[in-house]
Structures are given as structure tokens and as C-alpha cells.
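> Prediction below, plus the sequence it came from.
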Amino acid sequence: MKIKTVDFINEEMILIDQRKLPVEKVFFKTKNYKEGIFAISDMIVRGAPAIGIVGAYTVYLAAKEFENIDKNDFFYKMNLACKEISKARPTAVNLMWAVKEQKKIIKKYENQDISFICKKLLENANEIKKEDIKINKNIGNYGNELIDKNATILTHCNAGALATAGYGTAIGVIRSAHLSGKNIKVFADETRPRLQGARLTAFELVEEGIPATLISDSVAATLIRDKKIDLIVVGADRIASNGDTANKIGTYMLSEIAKKFEIPMYIAAPISTIDFDIKNGKEIIIEERDKSEITHIKGVQIAPKEIDVYNPAFDVTPAENITAIITEKGILYPPFEESISKLMKK
Ligand SMILES: CSC[C@@H](O)[C@@H](O)C(=O)COP(=O)(O)O
């Protein structure tokens, strides 16, 4: 993709404002860690790996802000800042993972000057970003093995370059299949209520020249029943040790339809999306977002103000509905308890 999701130049974090794409290409720039948190919580940046990367840079911005204070105060304030950053969004484990990686750096260099710790935090954030692109390309290559040369693929939400440092996970698989010369076609769900499919996935597919059709979410079942879809590939926000997977709301419904009509349901995600600390999906915190995401479209009210709204941003697809999980280290098949625990030992 031509536009970079996250950049860090001259002490400044630069994000393409994903709330405004594809109509406006506006950049959000900040040197301030509270604004880094805002960028994540307000979804200027979104997508599990991308918010991990921004989380890592935000830890660095916090450290820079506290660079000139007493060392004990620095550790105290950094501890609070890391907690705050981890909580910017609750479901995608990549955010907590990236903050933990930065905390390891603080611990490792605790006896050094604060300026040295800051330098190491920036290096580590840059490394997490660089590594993410390699990871996505590996996911793409493994996933491509599962795609027939004339496949029609359904995807939900945006698990593309915009949700990562570049290339994408689920869209990475699609991109790899396309770039390898396969004659694939894609159906992209618009993905209510934030429309990541319509605004972001459609934008990426058009830019890459991949034949794609945008549909409203409720069309998917009809297409699958009518044998117009060969497989589904989506990303993930958190995968439990047994393979239960949290992803954008609507993924679970797709997985049930995929099971009923016997088409493969693939999850494409980096290993940093696996939460080895939780046994199953019941332990995943599902973010609930503001009611205005449902009652309003682009700021225009469409529902009565008085109506109660339930607006979970994610759902959990049970492991039994998942055909395989595509990671950068290979494809995991059920039983996922076994394949995931083997991966942990690698
Ligand atoms: C590679 S991104 C995978 C997931 O993070 C993606 O599918 C998703 O659900 C994103 O949700 P969002 O609310 O836009 O952050």
C-alpha cells in the first residue's frame, strides 16, 4: 500500500487517520503519549498489530516526556503510563503484548541513564514495526498454499496493510495469492458499524487491483448458500490457547454459516495475537463501544436518541468452527490446544 499506517520521523509519530479514509487522506501527528493513547482509543489507528506498534511508540513518547525527572520517579511514572497505554483498547492482545515488550526493555536497561533507556525503547518500537511486515509476508505465503487458483474469498472487517505495519494478515493472504498470479476474487463485507470493510478493505483491494465486490454484511449468508464463496479468511484480535478467536463483530455469525455449508473458515494472525495466558474465549474481554456508532452515521442521527443500544466491537468464534489458523511460523490445525502448545515450545 502506498500510504504508511504508522511512521516515526524526527521524534514524531505519524498516523494516517483511518477515521477519515478513503475520502480524506489526513495525517495525525504527535509527540505526546496521551495523544498516542487517544489515537488508539478513538480508532485513528486500529487493527490488532497496528495498535500494538502504536502502543510501543507511545511507551517511547511517554519515556521522552519523563526523560528529565529523577530516576525513581521515571520508573513510577512509566509504570502508570504503560498501564494506561495497555488499556487504550481492551480486546486486541497485541497492544498488551507490545507494551510488555517495552517494559522488558525498561527492566533490562534499568541501571543505565534514562536517555539510554529512551534510545532502546525507540529501537525496539522500530524493530516491532519492521518485524511485523516480515511476519505478514510469511503469513501471506503460508496462507497462499490454501488458496485455489480460481478461488472466491470472503473477508470481514479490515485485516490489511492498514491494520498492521503493512501488507496485512488476512489481506496479506489475499495479496500473496493475487501476486502469485492466481485468478482470485474477493467479496468484502462492509462491516457495520464502523465500516472498516467498506472504507479500508475496499480501498486496499482497489489500490492493489484485486477484483473485489463490496457487500453489506447480511448478503454473506446468501452468497455462501449459493456456493459463490470458496473460503473465508479473516484476522484476529485475540486467540485463546484452545483456538477460540475474538475478531470483529460478525465473524462468529460467518463461522456458523461456513460450518453449515462446509466451506473453510481461516484465521490469519501473528503469534503475538495468541494469548497463551488464557484457556478459552470466555476469558476474552469484549470491548463495548459508544452507542452513537449505531444511532448515527457520519454524525447524522438515524435512530431515536432514547433507544437502548448494545454495541460490542468483537465476538468470539469457537475453535470448533475454525478450519485452520495461519501464522508466520506455519498453519495450525485442530486440535488447537496441541498445535498452539507445540508452537509455544518452538
Ligand atoms: C490484522 S487486524 C485483525 C483484527 O484486528 C481486525 O480483523 C479487527 O477486528 C479490527 O477491529 P478494529 O475495531 O477495527 O480495531
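Perfect, thanks for sending it.
> rest of the way, CA atoms for contacts and neighbours
Will do.
> and the residue in the stretch 51-200 of the chain positioned nearest to the ligand, how many neighbours?
For the stretch 51-200 of the chain and the ligand, the shortest gap (Cα to the nearest ligand atom) falls at residue 159, measuring 3.7 Å. For residue 159, the count of nearby residues is 34 (other Cα atoms under 10 Å).
> Now do it against residue 233, distance only.
As for residue 159, its distance to residue 233 is 9 Å (criterion: Cα to Cα, to the nearest Å).
> picking up where we left off before, contacts only, for the residue of the stretch 51-200 of the chain closest to the ligand.
For residue 159, the contact set (Cα atoms under 8 Å, 6 or more residues apart in numbering) comprises 47, 168-172, 201, 234-235.
> what do residue 159 and residue 233 both touch?
Taking Cα under 8 Å, 6+ apart as the criterion, residue 159 and residue 233 both touch residue 170.
> Tell me how far the most far-flung residue of the chain relative to its centre lies from residue 59.
Farthest-out residue of the chain from its mean C-alpha position, per Cα atoms, centre = their mean: residue 70, at 36.4 Å. Residue 70 sits 18 Å away from residue 59, going by Cα to Cα.
> among the contacts of residue 159, which two are most distant?
Greatest spatial distance in the contacts of residue 159: 47 and 172, 13.6 Å, computed using Cα to Cα.
> so which of the contacts of residue 159 is the most crowded?
Ranked by the number of neighbours (other Cα under 10 Å), the contacts of residue 159 place residue 169 first, at 36 neighbours.
> where does the stretch 201-346 of the chain dip in pLDDT?
Residues of the stretch 201-346 of the chain meeting the criterion pLDDT under 70: 346.
> Around the ligand, which positions in it sit nearby?
Applying Cα under 6 Å from any ligand atom, one finds that the stretch 201-346 of the chain approaches the ligand through 235-237, 247-248.
> quick one: residue 314 and residue 289 touch, right?
No: look at residue 314 against residue 289 with Cα atoms under 8 Å: they stay out of range, at 9.9 Å.
> CA atoms of the strand or helix carrying residue 54 as PDB?
Assessed by DSSP states H and E, residue 54 sits inside helix 48-65. Output in PDB follows, covering the C-alpha atoms of helix 48-65 (Å, rounded to 0.1, in the frame of the first residue of the first chain):
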ATOM      1  CA  ALA A  48      -4.600  -5.600  16.400                       C
ATOM      2  CA  PRO A  49      -1.000  -5.500  15.100                       C
ATOM      3  CA  ALA A  50      -1.200  -1.800  14.200                       C
ATOM      4  CA  ILE A  51      -2.300  -0.800  17.700                       C
ATOM      5  CA  GLY A  52       0.500  -2.900  19.100                       C
ATOM      6  CA  ILE A  53       3.000  -1.000  17.100                       C
ATOM      7  CA  VAL A  54       1.500   2.400  18.100                       C
ATOM      8  CA  GLY A  55       1.400   1.200  21.700                       C
ATOM      9  CA  ALA A  56       5.100   0.500  21.500                       C
ATOM     10  CA  TYR A  57       5.900   4.000  20.100                       C
ATOM     11  CA  THR A  58       3.500   5.500  22.700                       C
ATOM     12  CA  VAL A  59       5.600   4.000  25.500                       C
ATOM     13  CA  TYR A  60       8.700   5.700  24.000                       C
ATOM     14  CA  LEU A  61       6.800   9.000  23.800                       C
ATOM     15  CA  ALA A  62       5.900   8.700  27.500                       C
ATOM     16  CA  ALA A  63       9.600   7.900  28.300                       C
ATOM     17  CA  LYS A  64      10.700  11.000  26.400                       C
ATOM     18  CA  GLU A  65       8.200  13.100  28.300                       C
END
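> Thank you, goodbye.
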